[in-house]
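Undergrad: predicted model, plus sequence, below.
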Amino acid sequence: MDMDEIEESHPVLQASILYADLLNHSSMSNHIVKLIGKTNTKNMTVVPYVYFATKHFDVERKVRKNLFTEDLDEISYPIKEIDLDNDDHISQYAVTTYKKYLPKSGNCCGLIGVPIPSEEDPDAVQDHYVSYVYESETETLNYFDSALDKDWKTTETYKILSQSFEPKKVVKNSKTFEEAGGASEDPFNYIAQNIFCHTWSLWFLYQFIFEKKSMTQINTYASKAKGDGKHKANLIRIKKFINEIIIMRLGLDELYNYTLFESFRYIIINSDPKKTLEIISSE
């Protein structure tokens, strides 16, 4: 069996993909409501999840307060295709689009997604997600990007959100929880196993709204180790959060019906696909 075949069939990687697919094929907005709790939604509007594809945008339609459709509505832009690297396209089309779904007043929170083309393969597109909390009284945008780096102000997600809200103040995470958004040439290292930007986005909302942690406190959760130790610790943190909070709180327990999901309890160590470490007890 060659390396490509091992990568495609490795149970630890496939278990993570199984979880990610189930999460992504259900309503992100409904997930947020369930995660932060009904008490918190009394003073916090959950903004419909929007994914900014280049030829259209996908949005979850609100059925009634705190309940959204499971399927995405596909809505066309005024032009055939937008370029998210083009600042004019962001302001004229992406921002104009998103503003329609924001509340006229009050606190709100949400999650947005954008495509990230691969530099190595232009036809291969990955998705990236970020989340936020907007506090209306102080006009503060709390912006969380799990893959945040020094170029965060140039990202499509930041430009869309900052231009949509035009806040007086921006508070962002100063630590990186998911290096390079999980993109790595080595499919078995700790970076490549951390493919959970959607869940990191939900993790932030849970910590900030439900647990009432400040951004400063949230930054302390990022591993202080160096190199592989840092990436390993962050990977373990998010997988444990999925197991302890996400699955039951969001009603994703059907995952336990799949024998493959047993492998989610493990991580691949030292980039060796033949070596795994159990990080979640089976008891």
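TA: Done, it's in.
Undergrad: low pLDDT regions in the stretch 1-150 of the chain?
TA: Counting by pLDDT under 70, the stretch 1-150 of the chain contains low-confidence residues at 1-8, 117-125.
Undergrad: please enumerate the helices of it.
TA: Counting by DSSP state H, counting those that start in this stretch, the stretch 1-150 of the chain forms helices over residues 3-9, 11-24, 28-36, 38-41, 87-89, 96-99, given from the N-terminal end onward.
Undergrad: please work out which of the ones you listed is packed deepest.
TA: A comparison of the helices of the stretch 1-150 of the chain by mean neighbour count, using mean count of other C-beta atoms under 10 Å, puts helix 28-36 on top with a mean of 22. C-beta coordinates here come from the backbone N, C-alpha and C atoms, glycine included.
Undergrad: now do it: distance to the chain's middle.
TA: Counting by C-alpha atoms, centre = their mean, to the nearest Å, helix 28-36 is centred 13 Å from the centre of its parent chain.
Undergrad: who does that helix touch, helix- and strand-wise?
TA: The criterion is 3 or more C-beta pairs under 8 Å, 6 or more residues apart in numbering; DSSP states H and E, and the helices and strands that helix 28-36 contacts are strand 45-46, strand 56-64, strand 67-76, strand 108-117, helix 197-205.
Undergrad: quick one: contacts of the last one?
TA: What that stands for is helix 197-205. The set of residues external to helix 197-205 that reach it, using C-beta atoms under 8 Å, 6 or more residues apart in numbering, is 20, 23-24, 28, 31-32, 35-36, 109, 111, 113, 127-131, 133, 144, 146-147, 173, 177-178, 181-182, 218, 238, 241-242, 246.
Undergrad: buried ones among these?
TA: 20, 23, 28, 31-32, 35-36, 109, 111, 113, 128-131, 133, 144, 146-147, 173, 177-178, 181-182, 218, 238, 241-242, 246 (16 or more other C-beta atoms under 10 Å).
Undergrad: list the buried residues of the helix or strand harbouring residue 235.
TA: Counting by DSSP states H and E, the element that carries residue 235 is helix 228-241. By neighbour count, and taking 16+ other C-beta under 10 Å as the criterion, the buried residues in helix 228-241 are 230-232, 234-239, 241.
Undergrad: could you report the pLDDT at the one residue sitting closest to the centre of the chain?
TA: What sits nearest the mean C-alpha location of the chain, by C-alpha atoms, centre = their mean, is residue 198, with 2.1 Å. The per-residue pLDDT reported for residue 198 equals 95.
Undergrad: neighbours around residue 86, how many?
TA: Here the number of neighbours of residue 86 (other C-beta atoms under 10 Å) works out to 13.
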